[in-house]
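Visitor: A structural model of the following input is requested.
(chains A, B and C)
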Amino acid sequence: MIKEFLRRLFLAFTKNTRIYRYTNIYASANIGKNCVIGSYTEIGDKVRIGNGTKIQAMVFIPKGVVIGDDVFIGPRVTFCNDLYPKASGAWKVSRTLVEDGASIGAGCTIVCGITIGTNARIGAGAVVTKDVKPNQVVAGVPAKQIKSNWKHE
Amino acid sequence: MIKEFLRRLFLAFTKNTRIYRYTNIYASANIGKNCVIGSYTEIGDKVRIGNGTKIQAMVFIPKGVVIGDDVFIGPRVTFCNDLYPKASGAWKVSRTLVEDGASIGAGCTIVCGITIGTNARIGAGAVVTKDVKPNQVVAGVPAKQIKSNWKHE
Amino acid sequence: MIKEFLRRLFLAFTKNTRIYRYTNIYASANIGKNCVIGSYTEIGDKVRIGNGTKIQAMVFIPKGVVIGDDVFIGPRVTFCNDLYPKASGAWKVSRTLVEDGASIGAGCTIVCGITIGTNARIGAGAVVTKDVKPNQVVAGVPAKQIKSNWKHE
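Guide: Numbering: from 1, shown residues only, chains lettered A, B, ... in the order given. Next up is the predicted model:
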């Protein structure tokens, strides 16, 4: 509890990164400058997060995930790191990469081993099972293309 | 921590509203009488919740959401408030309204800017992207009508 | 807070079961040996969990759910216990059973009153609305069969 409080203080002062209450951030996670991380979010072992990234509440980011700069991750987004999870025995981390400027809507599930490209948009509630191209807009279960070339309005 | 405990005590005594542990309720949120709010639930800035409403665990309700009386919100339901979220820059709250007596099943994602009508029923796991009419039953991703006229059995 | 800490200590020493932070486990829940239970997970009244089972973060398991041995439950999986939930009045628990060796992917919603058979596999993000047979692999919303006979690779 105290350790967590000190960590929040440290990130706020050295990196201007704001961490909300009840987060669970591993000491080995590397979080950039000017980020916001919402309540109940867990950021696992050796996860890397760039600068200016906004992560909402209740997000789960396990080991093996790398997130770029200026990424938006909506509330309750869940990343994975094992394609065939089981209760015991060896397991293999499949890496997932979210590139700069991507935006992932609320409640999405991101299956592991994929890349979400620069400025890609993922609609709320999607289950993403394969790579998303830069500027591509996808939605649904499994996620399919809605638009190939996202432009900010 | 102490502030949260006092808030729970206050709501319990003055409004008979029961708040479970690890909730994150903004001071500006307005919660009615005889409500129940489950663990790990976040209720954001200026959210209004009516009387007799039951909100399960792990629910995310951000600014811009108004919930009526006698509404049921299942575990892990996620509301949004921004149609085109991004990491930085201006953002616009789209309001979402849940009318009296509606019931939202476990794990639903509710895209913003819509109204869920009186006594509507949303099946578990649905992603709701447009208005739901009073007494309508919807389910799926995106949510579609299953029945037009819900009657309590 | 202290009660929770003592409970974690007790389970660690007597059963070699590891409970992470911010969990909400009812005193009446029965958890087996050699289990792991992730952060922000709620395990409700009289839930039974077998031995060697691994439950990830942010999982919601209410009253009426029974989980066997060596089961894997991914992050943010949500179980239910009432088919027609409403804010007030009587409610009926529909029981859900997860048999030994089953694996449930990240972000799934499991509607109540069903059985998930031995060694069944549920793909990430699925909404499971009916029984899953032993060794069956299902995915999607609602979950449909992908393979009838799962073999560990």
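
Visitor: use CA for all of it now, contacts and neighbours both
Guide: OK.

Visitor: Alongside chain B, which residues does chain A contribute?
Guide: Residues of chain A lying close to chain B by C-alpha under 8 Å from any C-alpha of the partner chain are A:22, A:39-40, A:52-54, A:57-58, A:70-72, A:74-76, A:101-103, A:105-107, A:124-125, A:140-141.

Visitor: Buried only: go through the residues you listed for me.
Guide: By neighbour count, with 16 or more other C-alpha atoms under 10 Å in any protein chain shown, those hold A:22, A:39-40, A:52-54, A:57-58, A:70-72, A:74-76, A:101-103, A:105-107, A:124-125, A:140-141 as buried.

Visitor: Please report phi then psi for residue A:11.
Guide: Note on residue A:11: backbone dihedrals following degrees, to the nearest 10 are phi -70, psi -40.

Visitor: How much space separates it from chain C?
Guide: Per C-alpha to the nearest C-alpha, to the nearest Å, residue A:11 is found 21 Å from chain C.

Visitor: My read is that that residue contacts residue A:27, right?
Guide: No: Residue A:11 is beyond contact range of residue A:27, at 11.7 Å (criterion: C-alpha atoms under 8 Å).

Visitor: and the closest residue to chain B within chain A, what are its bridge partners?
Guide: Nearest residue of chain A to chain B: residue A:72, at 4.6 Å (C-alpha to the nearest C-alpha). As for beta bridges, residue A:72 partners with residue A:54, residue A:103 under DSSP bridges.

Visitor: who touches it in this structure?
Guide: By C-alpha atoms under 8 Å, 6 or more residues apart in numbering or on different chains, the contact set of residue A:72 is A:53, A:54, A:55, A:101, A:102, A:103, A:104, B:85, B:86, B:87.

Visitor: Between residue A:11 and residue A:27, point out the one with more neighbours.
Guide: Between residue A:11 and residue A:27, residue A:11 has the larger neighbour count (other C-alpha atoms under 10 Å in any protein chain shown), namely 18 against 14.

Visitor: give me every residue that touches that one.
Guide: Contacts for residue A:11 (C-alpha under 8 Å, 6+ apart) come out as A:17, A:18, A:19.

Visitor: could you redo those residues as TSV and give each row neighbour count, secondary structure and pLDDT?
Guide: Shown next, in TSV, are those (neighbours: other C-alpha atoms under 10 Å in any protein chain shown; DSSP: H, G, I helix; E, B strand; the rest coil; pLDDT from 0 to 100):
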residue	neighbour count	secondary structure	pLDDT
A:17	23	coil	95
A:18	19	strand	94
A:19	23	strand	94
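
Visitor: so which of those would you say is closest to residue C:95?
Guide: Nearest to residue C:95 among these: residue A:19, at 38.7 Å, using C-alpha to C-alpha.

Visitor: Count the residues that sit near the residue nearest to that closest one when sequence neighbours are not counted.
Guide: Once flanking residues are discounted, residue A:19 sits nearest to residue A:37: 4.8 Å by C-alpha to C-alpha, 6 or more residues apart in numbering or on different chains. Look at residue A:37: counted by other C-alpha under 10 Å, it has 24 neighbours.
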